[in-house]
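K.L.:
need the 3D shape of this:
(2 chains)
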2 protein chains.
Amino acid sequence: MPHSYLSHLYCPKTHEHYDAGQIQQLSAVGSPLLVAYDLDALKGDWRPADLVGREASLWRYHELLPVLDPNNVVSLGEGFTPLLRTPRIGRELGVDDLWLKDEGIIPTGSFKARGAAVGVSRAKELGVRALAMPTNGNAGAAWSLYAARAGIEATVVMPEDAPLITRNETAISGAHLYLVNGLISDAGKQVAQAVAEGGLYDASTLKEPYRIEGKKTMGLELAEQFGWRLPEVILYPTGGGVGLIGIHKAFKELRELGWIPADQPLPRLVAVQASGCAPIVRAWEARAAASEFWADSQTVAFGINVPKALGDFLVLEALYESEGYAIAVDDAELLAEQRKVAELEGAFVCPEGAALYAAARKLREGGWIRPGERVVILNTGAGIKYPDTVEVDVPLLQPGDRLPR
Amino acid sequence: MPHSYLSHLYCPKTHEHYDAGQIQQLSAVGSPLLVAYDLDALKGDWRPADLVGREASLWRYHELLPVLDPNNVVSLGEGFTPLLRTPRIGRELGVDDLWLKDEGIIPTGSFKARGAAVGVSRAKELGVRALAMPTNGNAGAAWSLYAARAGIEATVVMPEDAPLITRNETAISGAHLYLVNGLISDAGKQVAQAVAEGGLYDASTLKEPYRIEGKKTMGLELAEQFGWRLPEVILYPTGGGVGLIGIHKAFKELRELGWIPADQPLPRLVAVQASGCAPIVRAWEARAAASEFWADSQTVAFGINVPKALGDFLVLEALYESEGYAIAVDDAELLAEQRKVAELEGAFVCPEGAALYAAARKLREGGWIRPGERVVILNTGAGIKYPDTVEVDVPLLQPGDRLPR
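P.N.:
As a prediction, the model looks like this:
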């Protein structure tokens, strides 16, 4: 059996095929490329029982990942993250069957590790020696560290006000790191110019085809961890939306493989954004096929501050296909939920993850989430990466003082 | 089969037995209590093959953990952390068969989650409603969050200069958090006084018997992940030393169960400390049974700034029994290694973990680590929890600037 059933790449806009054996960036019409597998062959060769006893990482699904030779896998042990029952916050929200998929428990403390692990591994396999990308922080940190492990040179450009921790992670990897006194779009232009000069692989979000495959494993894991019975609703904090695209792709592939029933509806996906940056929500409300640039965006949830995503049309397609929803929440709401989740469940989720609880509360109150439905919160990172979002007022004692009772 | 084969507690100094069914703190002579299991019964009931397909957390070893009823388990998905080959830094150190057990990939980003998960679970089982502890940061954060999940009230006292992130983690859990303008020993006195007034479970390091059992699972995992063939050397950053005590206990229990051969020597354990706080090293060099208080201790590796550990005699016993070593390294050395490990392996380890590479380098150069030996670095936490230890000097660009090539 081959290690991977990778078949080819294709443009979702024109359906044209591209050779996966070559380095590819965007399609001829400027669309992200998607990865196709030989699912017919895989269907005969692979069964859920084959997963039993495999390593507890996303590489347990290597048949459905794009790396042909296991020697090219660049891993820090990412994936197979915890899926936790959260009954106390669930009761509080009126969602009794509420689960937390916790992507804080992963190398670099953010789900970006999945895209980086698969993206860098495949880049290594294709002979990439140097890559470049703009980042709001977490993706740059993850790609830099995985590139370091792969022996690939990384160049990363980050807005000056990106979280300090992600700056330090990127710097310590030995990457060529630059700050820009501007936005991620300014960083993106600088990377595009450097790429155009030649010699650099463009690892910008969705300008390479493989990070979606890494993010897809969140969907594969949810399916396996729930015993191949999918939940009714999955909430996802949506910036670039790669994870949402990937999760939906995972479920469709599992359905083609026959691992989940063809007549079972796929989970309704909910794109959650911040009120200060909600281009997908605006597009979804208008039933549009693509989003418009969101000017002067702002939110404490830095990872979802993406005014215009390259894959917006794929995100919207996944929402429409799955009969999902798009909803925005205020920073004050998400910060209040972050505290509640920590107090009731002991999970210190990131602000982006906290936004999902605020969204679930609204969707339950409005009746869109129905009583008894199984709902998954996909927390994309560890709260410890954003210490500044927690407002703390702690009493200071002198040695010898008694503790107040 | 019972969920746990817990038998009783005993004092390692007097060998007196204590009832595990009651809340216990220190023994009558002021020693930490250790947990004993009915290994004879377990030997007949449990085989390595029984672990296949179990959940990827430390609870896969529940027979050898002290929680009797699975309903009392308080889990955030902790344990079964990655064990990674690190050949590039290995070649650099002259240790070809070098591995990294990465405890940064765990809830709260630190190995303290293991002790907290098992300690809080067992506290819940015994009916504890409120606990208190002093902390240098990570343990307080972990115990606060697990206590929140368990519905147990936590009171935590932390030095004012403990890492900011751990302060925020503790605060957001809803714990009663106090800062003290002093050392952890001042915090310890305040907690002891509050405990003496009644109504609080003393969760200070080794004043409750169960956190060792949580830490022990690092040893169980290493054994399983290496296919029940133990490595020759394990390096461990030693503050309170609970993990080192636990790992050694794990191997002895596995030997009694017959899961590792009785005639195979146990791994030589290396206690690594900072030059600015090395009481165990000083005691080990003098072949003493206990350590002396280290005055004016200081190191950037906050987690190993422990001037006198309650369990020092157990740490030293494990070093002597395993024919191990104790060694101190300078802050400058460990910070240089932290950067090297990130650049060569993509792992952003904490300063305590980085100290182990500096120690391995010395031990290899001195010949104590022999060519071909399998050596494990036990990194106790994520580098992202200590952003201030990374010195970063990053060029700042203006929008429109070209990237330097």
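K.L.:
so what's the residue sitting nearest the centre point of chain A closest to, chain neighbours aside?
P.N.:
Computing the C-alpha centroid of chain A and ranking residues by Cα atoms, centre = their mean puts A:Gly243 first, at 3.7 Å. Excluding the flanking residues, the one nearest A:Gly243 by Cβ to Cβ, 6 or more residues apart in numbering or on different chains is A:Lys215, at 4.4 Å. Backbone N, C-alpha and C define where each C-beta goes, glycine included.
K.L.:
which other helices and strands does the strand or helix carrying that neighbour contact?
P.N.:
Here A:Lys215 is covered by helix A:211-225, with elements defined by DSSP states H and E. When contacts are defined as 3 or more Cβ pairs under 8 Å, 6 or more residues apart in numbering or on different chains; DSSP states H and E, helix A:211-225 packs onto strand A:34-37, strand A:83-85, strand A:97-102, helix A:112-125, helix A:242-257.
K.L.:
list the buried residues for it?
P.N.:
Across helix A:211-225, burial judged by 16 or more other Cβ atoms under 10 Å in any protein chain shown covers A:211-225.
K.L.:
ok, so of those residues, who is nearest A:Ile247?
P.N.:
Closest approach between the buried residues of helix A:211-225 and A:Ile247, by Cβ to Cβ: A:Gly219, at 3.7 Å.
K.L.:
check contacts around the closest one.
P.N.:
A:Gly246, A:Ile247, A:His248, A:Lys249, A:Ala250, A:Phe251, A:Leu254 (Cβ atoms under 8 Å, 6 or more residues apart in numbering or on different chains).
K.L.:
number of residues surrounding A:Gln22?
P.N.:
Per other Cβ atoms under 10 Å in any protein chain shown, the neighbour tally for A:Gln22 reads 8.
K.L.:
ok, so what distance separates it from chain B?
P.N.:
Using Cβ to the nearest Cβ, to the nearest Å, A:Gln22 is found at 25 Å from chain B.
K.L.:
run through the residues that contact that residue.
P.N.:
With contacts defined as Cβ under 8 Å, 6+ apart, A:Gln22 is in contact with A:Leu126.
K.L.:
what's the neighbour count on A:Lys207?
P.N.:
Using other Cβ under 10 Å, A:Lys207 has 21 neighbouring residues.
K.L.:
which non-adjacent residue is nearest it?
P.N.:
Using Cβ to Cβ, 6+ apart and skipping residues adjacent in sequence, the residue nearest A:Lys207 is A:Gln25, 5.1 Å away.
K.L.:
for that neighbour, identify the helix or strand it belongs to.
P.N.:
Following DSSP H and E, one finds A:Gln25 outside all helices and strands.
K.L.:
what sits against whichever residue of the stretch 201-350 of chain A sits closest to chain B?
P.N.:
In the stretch 201-350 of chain A, the residue that lies nearest chain B is A:Gly346 (3.1 Å; Cβ to the nearest Cβ). Counting by Cβ under 8 Å, 6+ apart, A:Gly346 touches B:Val74, B:Leu76, B:Leu145, B:Tyr146, B:Ala147, B:Ala148, B:Arg149, B:Ala150, B:Ser173.
K.L.:
quick one: pLDDT of the closest residue to the fifth one other than its chain neighbours?
P.N.:
Leaving aside its sequence neighbours, B:Ala147 sits nearest to B:Ala154 (Cβ to Cβ, 6+ apart; 4.0 Å). The pLDDT attached to B:Ala154 in the predicted structure is 98.
K.L.:
could you give the number of residues near A:Ile172?
P.N.:
For A:Ile172, using other Cβ under 10 Å, the count is 26.
K.L.:
actually, A:Ala28.
P.N.:
Quick note: A:Ala28 (other Cβ under 10 Å) scores 10 neighbours.
K.L.:
who's in contact with it?
P.N.:
Listed by Cβ under 8 Å, 6+ apart, the contact set of A:Ala28 reads A:Cys11, A:Thr14, A:Glu16.
K.L.:
just to check, the last one is in contact with A:Leu33?
P.N.:
No: using Cβ atoms under 8 Å, A:Glu16 and A:Leu33 do not qualify as a contacting pair, with a distance of 9.5 Å.
K.L.:
so which of those two has more stuff around it?
P.N.:
In this view A:Glu16 and A:Leu33 are compared by other Cβ under 10 Å, and A:Leu33 has more residues nearby, 24 against 14.
K.L.:
wait, that one sits on A:Leu26?
P.N.:
Yes: between A:Leu33 and A:Leu26 there is a contact under Cβ under 8 Å: 7.1 Å.
K.L.:
follow-up on the earlier one: so can I have CSV of the contacts of A:Gly219 showing distance to chain B, neighbour count and pLDDT?
P.N.:
Formatted as CSV, the contacts of A:Gly219 follow (distance: Cβ to the nearest Cβ, whole Å; neighbours: other Cβ atoms under 10 Å in any protein chain shown; pLDDT from 0 to 100):
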residue, distance to chain B, neighbour count, pLDDT
A:Gly246, 21, 26, 98
A:Ile247, 19, 29, 98
A:His248, 24, 25, 98
A:Lys249, 24, 19, 98
A:Ala250, 19, 24, 98
A:Phe251, 22, 25, 98
A:Leu254, 20, 21, 98
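K.L.:
A:His17: neighbour count?
P.N.:
The burial count for A:His17: 13, using other Cβ under 10 Å.
K.L.:
next: the one 10 residues further on.
P.N.:
Other residues near A:Ser27 come to 19 when the count uses other Cβ under 10 Å.
K.L.:
tell me which parts of the stretch 201-350 of chain A are close to chain B?
P.N.:
A:Gln338, A:Arg339, A:Ala342, A:Glu343, A:Leu344, A:Glu345, A:Gly346, A:Ala347, A:Phe348 (Cβ under 8 Å from any Cβ of the partner chain).
K.L.:
list the buried residues of the helix or strand the first one falls within.
P.N.:
The reference is to A:Gln338. Secondary structure from DSSP H and E places A:Gln338 in helix A:331-345. Within helix A:331-345, the residues scored as buried using 16+ other Cβ under 10 Å are A:331, A:333-335, A:337-345.
K.L.:
now do stretch A:61-81
P.N.:
Neighbour-count burial for stretch A:61-81 [16+ other Cβ under 10 Å]: A:61-68, A:72-81.
K.L.:
isn't A:Cys270 right up against A:Ala326?
P.N.:
Check again: residue A:270 is Val, not Cys. Yes: judged on Cβ under 8 Å, A:Val270 makes contact with A:Ala326 at a distance of 7.2 Å.
K.L.:
please say which of these two ends up with more neighbours.
P.N.:
The residue with more neighbours, out of A:Val270 and A:Ala326, is A:Val270; 27 against 23, by other Cβ under 10 Å.
K.L.:
with just CA atoms, put the helix or strand where that one lies into CSV.
P.N.:
Secondary structure from DSSP H and E places A:Val270 in strand A:268-274. Extracted in CSV, the C-alpha atoms of strand A:268-274 (Å, rounded to 0.1, in the frame of the first residue of the first chain):
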residue,chain,number,x,y,z
ARG,A,268,-23.6,22.5,9.9
LEU,A,269,-20.5,24.8,10.0
VAL,A,270,-20.6,28.1,11.7
ALA,A,271,-18.1,30.8,10.7
VAL,A,272,-17.6,33.1,13.8
GLN,A,273,-16.1,36.5,13.3
ALA,A,274,-15.5,39.6,15.4
